[in-house]
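S.K.: 3D model of this:
(one chain, ligands or ions: 1)
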Amino acid sequence: MTEKNYPKYTSAWLPYPMPGKAASPKDAARLELDAGLAYYGFDTPVILREEDLGEGYRIEVSEEAISIFAKEAGLLYGAFALLRDIALGKKPESCVQQPVYALRMLNHWDNMDGTVERGYAGRSLFFEGSRFDYDPERLRMYARILSSAGINTVALNNVNVHAPAQHLIDDLLPEVVEVAGILRPYGIRLLITVDFASPTYNGLSTADPLDEAVIAWWKQRTAAIYQQIPDLAGFVVKADSEYRPGPITYGRNQAEGANLLARALKPFGGTLVWRCFVYNCRQDWRDQKTDRPCAAYNTFMPLDGQFDDNVLLQIKNGPVDFQVREPVSPLLFSLKHTSRALELQLAQEYTGQQIDLYYMQEVWQEIFDLMPRNNISAICAVTNLGRDENWAGHDLAMANLYAYGRLCWNPDCLGEDMADQWAKLTYGKDCPAVDTITHMLHQSRSTYQKYNAPLGIGWMVEPHSHYGPNPEGYEYALWGTYLRADRNGVGIDRSSNGTGFAAQYPEELKKLYEDPTTCPEEMLLFFHRMPYDHVMKDGRTMIQRIYDDHFEGAEGAEQLLASWKTLEGQLPGDVFARVLDKMEKQVINARNWRDIVNTYFHRYSGAEDQKGRKIY
Ligand code: GCV
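M.R.: Numbering: from 1, shown residues only. Modelled structure (predicted):
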């Protein structure tokens, strides 16, 4: 099913010629080593040796040779790690490595009509015209890119299962089998995202998880799938969320729904990935008691201990929805008897849509600074990839995919400068542009946050598209996303005097967030309703801080553009031009955010900017 006229695509951070087709991970490891070592001019022989270290590997370096001991995908991980060191100019050293998490997942939100929900890199890599449609060569390249960073599991289809994707588990299964076969030699396994109501599309009158016929249907279907794809990682489900069917639809609870599928998967060693993004998406804005961030905890905590051991609850990093600033979800601290996966979003839905630059390492660092890494047993991210020739739409957004893969392998890598590594691997360690690119990546998050919704408030975006400012776009909507700004102040009191959300945290964090004097200022308006003249730690009023941040943020975007312009001639012309185009758009977006947010708060507060800058 090769697509005609498929665009040429970049090789991401594996610049050496793409090796031929591999039959197994061991085969792939040999081919990658042969191609990579020749490209980097490294002539010490590298020998692959079988040793069962799970997915891990051991490298032994001597004067005469380097040996990689591992089995299957471990050999490939060892090969890629060695090639990475060589590309970065590091002297290979003996070491033993094991991944911290067994499931290192990507979720594509791809629809079979070829669109990608929250996709900013072109159309789907896998689907078009309601059928599978892909370039097998590109899928191999995709698989080796993921594998080289450490990712080992992917779900191809959207968690919102749109027709005909419900048939991936029956009529379309042969084509899923083909994709699984392309990815397998790179150590990548598939998850299938299923529709909880599937039995009802197949002649049953209900999908009630306690109904005998429903239980039998899932068992039979799952067994048939495993006959075709014995290494399937499992199913992903979005249930009772944003109009998707789920157990609540049938009067049952989330554990009863999850266990139905988990039990069907159990005999085959499969995992049921069950999303916790459950909230009331039909809230009346006049209802001041219902508070969306409380929802996931309130739904899942009472069920802790009732989920089967092969259920993995997938929890978004924040309690709302990948906003530009959110605290870490309290569920990630509180569940004690259920396995958890952290869900991140590489797709920049609220963080610039791969037009604006936004490098995420710092975001993840903050999560792991608060949350011990063994609070979770897996990591997942919504991918930022599509058919664009540079994979992620914005060439520099690939730094997030690289850093993400490394994070899933071992969060200790957050101590390394992965932006610098990515730039060196992608453009060559001696490329003169590397330092500027690395610096830009590190500046990008604070720049974006300064011109976006201030101090943790979130949700000032254009409804539906989620790009660009619209402060009250969601204010009177059904989604539970309110700022509640008026002339006296802005924000929602989520302390014990308010909605009580802060009390969902362990005692120490609860105390920190409850009190506006100790609450981290970046999240002040997430937890508290504050007057505009509230005095911040540095002595400025809150309104002045909002004005200053927005002027600085827009200037920051201009500086990023100026930095990029200095790189002309230091990078391939097409890379330079593509990023230039994005950065020019980012400057326009940043100015819009600056002017609209400042004007909005100026009109409510009546406070003048102490520096007399232009507010409309
Ligand atoms: C896949 C948000 C996004 C939706 C997404 C949903 C989810 O609401 O805007 O596009 O749907 O999160 O994570 O399920």
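
S.K.: spell out which residues of the stretch 251-400 of the chain are next to the ligand.
M.R.: Proximity of the stretch 251-400 of the chain to the ligand (Cβ under 6 Å from any ligand atom) is limited to residues 277, 321. Backbone N, C-alpha and C define where each C-beta goes, glycine included.

S.K.: try 5 Å this time
M.R.: Contacts of the stretch 251-400 of the chain with the ligand, taken as Cβ under 5 Å from any ligand atom, map to residue 277.

S.K.: can you give me the helices in the stretch 351-500 of the chain?
M.R.: In the stretch 351-500 of the chain, the segments counted as helices under DSSP state H, counting those that start in this stretch are 361-370, 398-409, 418-427, 434-451.

S.K.: as JSON lines, these with mean pLDDT and mean neighbour count would be great.
M.R.: Formatted as JSON lines, those follow (pLDDT from 0 to 100; neighbours: other Cβ atoms under 10 Å):
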{"stretch": "helix 361-370", "mean pLDDT": "98", "mean neighbour count": "18"}
{"stretch": "helix 398-409", "mean pLDDT": "98", "mean neighbour count": "26"}
{"stretch": "helix 418-427", "mean pLDDT": "97", "mean neighbour count": "23"}
{"stretch": "helix 434-451", "mean pLDDT": "98", "mean neighbour count": "21"}
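
S.K.: could you dump the ones you listed into a markdown table with distance to residue 516 added?
M.R.: Shown next, in a markdown table, are the helices of the stretch 351-500 of the chain (distance: least, Cβ to Cβ, whole Å):
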| stretch | distance to residue 516 |
| --- | --- |
| helix 361-370 | 19 |
| helix 398-409 | 32 |
| helix 418-427 | 34 |
| helix 434-451 | 20 |
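
S.K.: figure out which of those is closest to residue 201.
M.R.: Ranking those by proximity to residue 201 (Cβ to Cβ) places helix 398-409 first, at 33.6 Å.

S.K.: list, one by one, the residues from the protein near the ligand.
M.R.: Counting by Cβ under 5 Å from any ligand atom, the chain sits next to the ligand at 117, 159, 160, 277.

S.K.: from those residues, keep the buried residues only.
M.R.: Listed as buried from the residues of the chain next to the ligand are 159, 160, 277; burial here means 16 or more other Cβ atoms under 10 Å.

S.K.: what sits against residue 436?
M.R.: 563, 564, 566, 567 (Cβ atoms under 8 Å, 6 or more residues apart in numbering).

S.K.: what's the closest of these to the ligand?
M.R.: Taking Cβ to the nearest ligand atom as the measure, the ligand lies nearest residue 564 of the contacts of residue 436, at 29.3 Å.

S.K.: ranges for the strands of the stretch 1-150 of the chain?
M.R.: Assigned by DSSP state E, counting those that start in this stretch, the strands in the stretch 1-150 of the chain fall at 46-50, 57-61, 66-70, 95-97, 103-110, 127-128, 131-132.

S.K.: switch these over to TSV; also include mean pLDDT, mean neighbour count and distance to residue 465.
M.R.: Below are the strands of the stretch 1-150 of the chain laid out as TSV (pLDDT from 0 to 100; neighbours: other Cβ atoms under 10 Å; distance: least, Cβ to Cβ, whole Å):
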stretch	mean pLDDT	mean neighbour count	distance to residue 465
strand 46-50	98	16	49
strand 57-61	98	20	44
strand 66-70	98	22	45
strand 95-97	98	14	42
strand 103-110	98	25	15
strand 127-128	98	22	22
strand 131-132	98	16	27
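
S.K.: beta partners for residue 489?
M.R.: Residue 489 forms beta bridges with residue 531, as assigned by DSSP bridges.

S.K.: ok, now which ones touch it?
M.R.: Contacts of residue 489 by Cβ under 8 Å, 6+ apart are 529, 530, 531, 532, 534.

S.K.: same thing but 7 Å
M.R.: 529, 530, 531, 532 (Cβ atoms under 7 Å, 6 or more residues apart in numbering).

S.K.: report the buried members of those residues.
M.R.: 529, 530, 532.

S.K.: so which of these comes closest to the ligand?
M.R.: residue 529 (24.5 Å).

S.K.: quick check: the nearest residue to that closest one once chain neighbours are set aside vs the ligand, distance?
M.R.: Leaving aside its chain neighbours, residue 529 sits nearest to residue 491 (4.3 Å; criterion: Cβ to Cβ, 6 or more residues apart in numbering). Going from residue 491 to the ligand by Cβ to the nearest ligand atom, to the nearest Å gives 22 Å.

S.K.: residue 491 touches residue 531, doesn't it?
M.R.: No. The pair residue 491 / residue 531 is not scored as a contact, 9.8 Å apart, by Cβ atoms under 7 Å.

S.K.: just grab the bridge partners of the spatially most central residue of the chain for me.
M.R.: Centroid-nearest residue in the chain: residue 345, 2.4 Å away (criterion: Cα atoms, centre = their mean). Bridge pairing for residue 345 (DSSP bridges) gives the partners residue 382.

S.K.: list the contacts for it?
M.R.: 322, 381, 382.

S.K.: next one: the second one from the ligand, what distance?
M.R.: Meaning residue 381. From residue 381 across to the ligand, the span is 12 Å (Cβ to the nearest ligand atom).
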